[in-house]
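Colleague: give me a 3D structure for the following:
(chains A and B)
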Number of protein chains: 2
Amino acid sequence: MIAKFLKEHNADFIILHGSSNDANFYYATKFKTYDPLTYIIGIDGSDILLVPEMEKRRAERESRVKEVVSLNDLRYMEKLKEMKDAKKAYLDILVSVLKEGRCRKLLLPEELPTYISFELMKHFQVEVVKNPFMKLRIIKSSSEIEKIRDTSNAILRCVKWAVENFNFKTCEELRSAVELKLFSDGYLAENTIASSGKTSSDPHEIGRGRMEDHVVLDVFPKSVDHLYYSDFTRTIFLRKNPELEEMYKAVVDAQEKAVGMIKDGIDARDVHQLVKDVFDSYGFKTEKGEGFIHSTGHGIGLEVHEEPRISELSVELKKGMVVTVEPGLYYSEIGGVRVEDTVVVRKKDCEILTPFEKFIRLY
Amino acid sequence: MIAKFLKEHNADFIILHGSSNDANFYYATKFKTYDPLTYIIGIDGSDILLVPEMEKRRAERESRVKEVVSLNDLRYMEKLKEMKDAKKAYLDILVSVLKEGRCRKLLLPEELPTYISFELMKHFQVEVVKNPFMKLRIIKSSSEIEKIRDTSNAILRCVKWAVENFNFKTCEELRSAVELKLFSDGYLAENTIASSGKTSSDPHEIGRGRMEDHVVLDVFPKSVDHLYYSDFTRTIFLRKNPELEEMYKAVVDAQEKAVGMIKDGIDARDVHQLVKDVFDSYGFKTEKGEGFIHSTGHGIGLEVHEEPRISELSVELKKGMVVTVEPGLYYSEIGGVRVEDTVVVRKKDCEILTPFEKFIRLY
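Modeller: Down below sits the predicted model:
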């Protein structure tokens, strides 16, 4: 797959540099590392992961890479002593490895750090490309879908528990309880949104203080084990508030119509347009940074936000993509509401991975 | 400070691009964001953070940036519709913003993504520089030291609890218990090392299965609130093992001598050499990827591993730096042992932020 990509670009190698926080790097190597490492793939199908000496055996055991080479094997320490600059010594090694592989033309993924690109372009013909692993990641394998399902199920268990035991008074209490419950189950949720009152009109405000009439609970954990995310939002009503409930009714209607439309071959832009049309039909306006102020959804997998986006842009949704569908309405004088599910695109419809009651009234 | 840096480089602007996972970006903006944003600083002291419309109000409220501009204000949606490529539309906006600021020469931090650098170099004179915020981050302010102390105290509470309630049978049980305890306290520890037996001879092996005679517990959480890390390791003995205990005795001796040496003005290389000399004096050899196979320590703050390193390289340690001191010995036929504290460099000595018993024998 990557060899084919290299061939199309008439290139000999592509070079990745990242830690396992970089989804493309982790997808390509399946190696968990904090410190960024370099991974080089050749057109002949060869690949090399460069690691510090202390990581060599673990990389051989855990990564999916064919050849693991330690920096010591490449005389890094000698170069470091000679050059007295860790980055220079490291770049010198990269250049030697590529020269040894008779590299002529090299592909640089868009996100590659500039200091690497600027050095390599002195020695090789280079072309900046969209990371080919990003494209591979868009369509999920069945094993990836099972991982996202696993994280989705953890969300459902947690939210069911939170709703059944809802004695939280503040946004912070709700957020802590949800995050702790997920963590004890093996899932890491950070910056979980539990926002209430007028400040919930900022979609990314995580929320603080006493909960008022409603709370927007948006939780997007990843598995600590397999690292796949899922994403889920419900607006929970704690006290009667006809204005917010009217907004939420429109949001749920828009979301269900959008979910109903998603299947292989549909244009994501049409899904986004449908949501806007539903809001229009209810008379909810979007203007001056108020109303429906974000896109309808995004791909999810090893990143919370990845391709494809469900927005103004035309993108064909395909079988095996996993996306969120999450319309919302936000008015600064009233507050915000949102509903969100993670779904898998199938041949003739989509499967909701996060099925859960939409209207949760606790009053 | 940054204006001075720009002046030294005869440049008009520097451009940062990152999420709050990027320590330099967070340090510079104090804005928590998943999705990477662009931050531009001018030689006149002006600065601009570019954000999606939906983040504008939050950025104005939470960031330390003077001017927050939404992409919509810059006609991003129109450009997107016209260009049909999110990255191209975004780069077009960056170029306009810089041109409007009459940019002539622009500084590109080493880690800036290549696609941004390659576009900007078409329009402006550029120079790749080490991120100036990285240098600012090396010396911690007293408020930063208090944050690292706060995380250190959380570690101490947690490890005290774990030692007093040690009924764990497997590495996984110990790791889960420690991480859950920290998380419930507001601190996130990932990939905590709890490794035992011969596999502990891999310093970064996180450990699995039944614990044997000893366990290396290495925990490096960050505060979920203020994001500062601390780092701590103890080797805990569960059953008598003279060979491992002999190694650990040398490691503790080396660590205490190294800590005793650290103060303002000392060369980190001499600290590393002292550790090697102590191991030599005990007769513990380092060869063929076995023995003392990593550096003595590293700076810590908004990143687990940051500058300065305590290694072969000469670097002057200065008052206000916060570093780990963590020698270890690793032999594949025996196992590994390590001890680690986080310390603050002071005028005449250093302060240990993680004071805790070194010899923990639970048999």
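Colleague: please make it C-alpha for all contacts and neighbour counts, starting now.
Modeller: Will do.
Colleague: need the strands for the stretch 201-350 of chain A, in chain order.
Modeller: Residue ranges of the strands in the stretch 201-350 of chain A, as given by DSSP state E, counting those that start in this stretch, are A:214-219, A:222-223, A:232-237, A:297-299, A:306-310, A:322-325, A:328-331, A:335-338, A:341-345, A:350-352.
Colleague: can you put these in TSV and add distance to B:I293?
Modeller: Below are the strands of the stretch 201-350 of chain A laid out as TSV (distance: least, CA to CA, whole Å):
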stretch	distance to B:I293
strand A:214-219	41
strand A:222-223	31
strand A:232-237	45
strand A:297-299	42
strand A:306-310	38
strand A:322-325	43
strand A:328-331	53
strand A:335-338	52
strand A:341-345	45
strand A:350-352	49
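Colleague: single out the most deeply packed of these.
Modeller: Sort those by mean neighbour count, taking mean count of other CA atoms under 10 Å in any protein chain shown, and strand A:322-325 sits at the top with a mean of 29.
Colleague: pull the residues that contact that one.
Modeller: For strand A:322-325, the external contacting residues (CA atoms under 8 Å, 6 or more residues apart in numbering or on different chains) are A:138-140, A:145, A:231, A:255, A:258-259, A:296-301, A:308, A:340-345.
Colleague: and it, C-alpha only, in CSV?
Modeller: Output of strand A:322-325 as CSV, limited to C-alpha atoms (Å, rounded to 0.1, in the frame of the first residue of the first chain):
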residue,chain,number,x,y,z
VAL,A,322,-16.7,5.8,11.6
VAL,A,323,-18.0,9.3,12.2
THR,A,324,-19.8,11.3,14.8
VAL,A,325,-23.1,13.0,14.1
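Colleague: pLDDT (mean, whole number) over that strand?
Modeller: Per-residue pLDDT over strand A:322-325 has a mean of 98.
Colleague: any idea how far that strand is from the chain center?
Modeller: Its chain's C-alpha centre and that of strand A:322-325 lie 11 Å apart, by CA atoms, centre = their mean, to the nearest Å.
Colleague: could you do stretch A:46-57 as well?
Modeller: Distance, stretch centre to chain centre, for stretch A:46-57: 26 Å (CA atoms, centre = their mean).
Colleague: pLDDT at the closest residue to A:D349 other than its chain neighbours, what is it?
Modeller: Spatial nearest neighbour of A:D349, chain neighbours left out: A:K263 (4.3 Å); criterion: CA to CA, 6 or more residues apart in numbering or on different chains. Here, the pLDDT recorded for A:K263 equals 98.
Colleague: next one: phi and psi at A:K263?
Modeller: When quoted as degrees, to the nearest 10, the phi and psi of A:K263 stand at phi -160, psi 170.
Colleague: distance of it relative to chain B?
Modeller: Using CA to the nearest CA, to the nearest Å, we find A:K263 at a distance of 23 Å from chain B.
Colleague: surely that residue meets A:V345?
Modeller: Yes - proximity of A:K263 to A:V345 meets the contact threshold set by CA atoms under 8 Å, at 5.3 Å.
Colleague: mutual contacts of those two, please.
Modeller: Residues within reach of A:K263 and of A:V345 at once, by CA under 8 Å, 6+ apart, are A:L317, A:K318, A:K319.
Colleague: contacting residues for the second one?
Modeller: Under the criterion of CA under 8 Å, 6+ apart, the contact partners of A:K318 comprise A:I139, A:K263, A:D264, A:G265, A:I266, A:V345, A:R346, A:K347.
Colleague: 7 Å instead?
Modeller: With contact taken as CA atoms under 7 Å, 6 or more residues apart in numbering or on different chains, A:K318 is in contact with A:D264, A:G265, A:V345.
Colleague: now swap in the first one and tell me
Modeller: For A:L317, the contacting residues are A:K263, A:D264, A:G265, A:I266, A:D267, A:A268, taking CA under 7 Å, 6+ apart as the criterion.
Colleague: so which of the residues you listed wins on neighbours?
Modeller: If you count neighbours using other CA atoms under 10 Å in any protein chain shown, the busiest of those is A:A268, which has 27 neighbours.
Colleague: which residue, neighbours along the chain excluded, lies closest to that residue?
Modeller: With sequence-adjacent residues excluded and distances taken as CA to CA, 6+ apart, A:A268 is closest to A:I310, at 4.9 Å.
Colleague: quick check: bridge partners of the one you found?
Modeller: Each beta-bridge partner of A:I310 is listed here: A:G297, as defined by DSSP bridges.
Colleague: what does the stretch 151-300 of chain A put close to chain B?
Modeller: Contact residues (CA under 7 Å from any CA of the partner chain) of the stretch 151-300 of chain A with chain B: A:L180, A:F183, A:S184, A:D202, A:P203, A:H204, A:E205, A:G289, A:I293, A:H294.
Colleague: and the fourth one, what pLDDT?
Modeller: In other words, A:D202. At A:D202, the pLDDT value in this model is 90.
Colleague: tally up the residues packed near it, please.
Modeller: What A:D202 shows, counting by other CA under 10 Å, is a neighbour count of 26.
Colleague: and for the first one?
Modeller: As a burial measure, A:L180 scores 22 neighbours (other CA under 10 Å).
Colleague: got the contact list for it?
Modeller: With the criterion set at CA under 7 Å, 6+ apart, A:L180 makes contact with B:F183, B:S184.
Colleague: mind checking how far it is from A:E190?
Modeller: A:L180 sits 10 Å away from A:E190, taking CA to CA, to the nearest Å as the criterion.
Colleague: again, but for A:S143
Modeller: Counting by CA to CA, the separation of A:S143 from A:E190 is 25 Å.
Colleague: buried sites along stretch A:151-166?
Modeller: Residues of stretch A:151-166 classed as buried by neighbour count (16 or more other CA atoms under 10 Å in any protein chain shown): A:T151, A:S152, A:N153, A:A154, A:I155, A:L156, A:C158, A:V159, A:A162.
Colleague: can I get it in CSV, CA atoms only?
Modeller: Taking C-alpha atoms only, stretch A:151-166 is exported to CSV below (Å, rounded to 0.1, in the frame of the first residue of the first chain):
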residue,chain,number,x,y,z
THR,A,151,-14.9,2.2,23.9
SER,A,152,-18.5,3.1,22.9
ASN,A,153,-19.7,0.4,25.3
ALA,A,154,-17.6,1.8,28.1
ILE,A,155,-19.3,5.2,27.5
LEU,A,156,-22.7,3.6,27.6
ARG,A,157,-22.0,1.8,30.9
CYS,A,158,-20.7,5.0,32.4
VAL,A,159,-23.5,7.3,31.3
LYS,A,160,-26.2,4.8,32.4
TRP,A,161,-24.5,4.7,35.8
ALA,A,162,-24.3,8.5,35.9
VAL,A,163,-27.9,9.0,35.0
GLU,A,164,-29.1,6.4,37.5
ASN,A,165,-27.0,7.9,40.3
PHE,A,166,-27.4,11.5,39.4
